[in-house]
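1. all I have is the shape, not the residue letters:
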């Protein structure tokens, strides 16, 4: 990491990092990626780092519950059952074996092709059951059915067979979400989403703590920052205004933009249509999914309201760069309120940089 800084600055950077490590449990990767050497005091104080996040979420999203969101098939069915708007689920490919009495779970190519054909599916999204950052997600824009298989035309014009994409990992086949004209205009190849962060309190009340937008770019069918080149920025929770737009090509490699670099659509200053309804309904989604008391919702905005693409129990901390402030106070407040009820769980994430005894002391008594 030292090579990132000129020689005259390295000593001060190292001293600064040690202070943040000892007082916040900050990792060296976080110091580097989030450019702490140039952040103001408000961001440095409010930033929620990996070690604190794990500590709080062990209580708020314990292992026995967070597995309900990790598996996208399980999460889809639970959320749908409690009235959360989801894409239509066409099929679940499970290579481990068939599920009896199910009209959606199949374990081989011929059965999957027959199921998709029977449902007259011509377009779909294919995603891994467990995955993140847009990995193993593709959009199929055309399907030609043949005996025991089918040929797929992907979003980029490439053609492949269904049998060639099937392997040992489970896959979900879902409908392509039709987003609003406003959101589609930014990039037509991807579903452009809003990550909305929510917390659920012991009294049953929930609220939004932060939000940011994720827009795809030319040649990309996903909007995740981790795929490189996509556009991210803050959504003002109070007004729905989009601001601080950047083109993200990796940490320490962001370029500020006013408009989408491909479509030339204005981003900064644009207000998301129907924002109050979107926000209100996502608060209801959090209340309907109490297993994760702090959640990151990837939301597609449609003419019928917000549709959940997925719910995250251990969300990426990168959004703090895009919104220009951290989530520590909100997540810690939620943690402390649940802690005061006496609820407790066995710690399950055990790779904290600071030893657990010390971490417990500094968190419970506030970082010094």
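-> Alright, I've got the coordinates. On a predicted model such as this, the values are computed, not experimentally measured, just so you know.
2. what segments of the stretch 251-368 of the chain are strands?
-> 254-256, 294-302, 305-312 (DSSP state E, counting those that start in this stretch).
3. strands paired with the longest one, and their directions?
-> If I follow you right, that is strand 294-302. strand 193-200 (antiparallel), strand 305-312 (antiparallel) (DSSP bridges).
4. most tightly packed of those?
-> Most buried of the strands paired with strand 294-302, by mean neighbour count (mean count of other C-beta atoms under 10 Å): strand 193-200, with a mean of 25. Placement of C-beta: from N, CA and C, glycine included.
5. avg pLDDT for it?
-> Confidence for strand 193-200, expressed as mean pLDDT, is 97.
6. how about residues contacting it?
-> 60, 206-214, 223, 235, 272, 278-279, 282-283, 285-287, 290, 293-301, 309, 315, 319, 327, 330-331, 333-334 (C-beta atoms under 8 Å, 6 or more residues apart in numbering).
7. tell me the buried residues in the strand or helix carrying residue 242?
-> Element membership for residue 242, per DSSP states H and E: strand 242-248. Across strand 242-248, burial judged by 16 or more other C-beta atoms under 10 Å covers 242, 243, 244, 245, 246, 247, 248.
8. what of stretch 71-84?
-> For stretch 71-84, using 16+ other C-beta under 10 Å, the buried residues are 72, 73, 75, 76, 78, 79, 84.
9. likewise stretch 312-321?
-> Going by 16+ other C-beta under 10 Å, stretch 312-321 has these buried residues: 312, 313, 314, 315, 317, 318, 319, 320, 321.
10. just give me the closest of those residues to residue 259.
-> residue 321 (20.0 Å; C-beta to C-beta).
11. how near is that closest one to residue 93?
-> Counting by C-beta to C-beta, to the nearest Å, the separation of residue 321 from residue 93 is 36 Å.
12. now do residue 249
-> 33 Å.
13. in terms of neighbours, single out the busier of those two.
-> Per other C-beta atoms under 10 Å, whichever of residue 249 and residue 93 has more neighbours is residue 93, with 25 against 13.
14. now do the contacts for residue 67.
-> With C-beta under 8 Å, 6+ apart, residue 67 has these contacts: residue 74.
15. residue 86: neighbouring residues, count only.
-> 20.
16. what would the strands of the stretch 251-368 of the chain look like in TSV with distance to residue 103 and mean pLDDT?
-> Formatted as TSV, those follow (distance: least, C-beta to C-beta, whole Å; pLDDT from 0 to 100):
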stretch	distance to residue 103	mean pLDDT
strand 254-256	46	94
strand 294-302	25	97
strand 305-312	22	96
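17. which one of those lies nearest to residue 46?
-> strand 294-302 (15.5 Å).
18. centre of the chain versus the closest one, how much separation?
-> Computed by C-alpha atoms, centre = their mean, to the nearest Å, the chain-centroid distance of strand 294-302 equals 8 Å.
19. so where's this protein shaky on pLDDT?
-> 1-3, 6, 8, 98-101, 131-135, 219-229, 345-368 (pLDDT under 70).
20. try 50 this time
-> 134, 227-228, 349, 352-353, 368 (pLDDT under 50).
21. show me it divided up by domain.
-> Under the assignment automatic domain parsing, the domains of the chain span 1-38, 63-85+179-328, 89-174.
22. looking at those domains, which is buried most?
-> Highest mean neighbour count among the domains of the chain (mean count of other C-beta under 10 Å): domain 63-85+179-328, a mean of 19.
23. first-to-last residue distance for that one?
-> 21 Å (C-alpha to C-alpha, to the nearest Å).
24. again, but for stretch 96-105
-> Span of stretch 96-105 from end to end, C-alpha to C-alpha: 11 Å.
25. how about the helices of the stretch 1-150 of the chain, start to end?
-> Listed from the start of the chain, the stretch 1-150 of the chain has helices (DSSP state H, counting those that start in this stretch) covering 7-24, 28-33, 41-46, 50-60, 63-70, 72-81, 109-118.
26. what sits closest to residue 145 if chain neighbours are left out?
-> Residue nearest to residue 145 in three dimensions, not counting chain neighbours: residue 117, with 4.8 Å by C-beta to C-beta, 6 or more residues apart in numbering.
27. cool, residue 103 as well?
-> residue 115 (7.6 Å).
28. please apply the same query to residue 194.
-> residue 299 (4.8 Å).
29. and that neighbour, what does it touch?
-> With C-beta under 8 Å, 6+ apart, residue 299 has these contacts: 193, 194, 195, 196, 278, 282, 306, 307, 308, 309.
30. now residue 264: how far from residue 256?
-> Counting by C-beta to C-beta - residue 264 and residue 256 are separated by 16 Å.
31. pretty sure residue 143 sits against residue 151.
-> Yes. The criterion here is C-beta atoms under 8 Å, and residue 143 meets it with residue 151 at 7.3 Å.
32. now residue 256: how far from residue 304?
-> 34 Å.
33. next one: residue 86
-> Residue 86 is 12 Å from residue 304, by C-beta to C-beta.
34. sorry, back to before: can I get the domains of the chain in TSV with distance to residue 47?
-> Shown next, in TSV, are the domains of the chain (distance: least, C-beta to C-beta, whole Å):
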stretch	distance to residue 47
domain 1-38	7
domain 63-85+179-328	4
domain 89-174	20
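35. what is the neighbour count of the nearest residue to residue 332 once chain neighbours are set aside?
-> Using C-beta to C-beta, 6+ apart and skipping residues adjacent in sequence, the residue nearest residue 332 is residue 56, 6.4 Å away. Here the number of neighbours of residue 56 (other C-beta under 10 Å) works out to 24.
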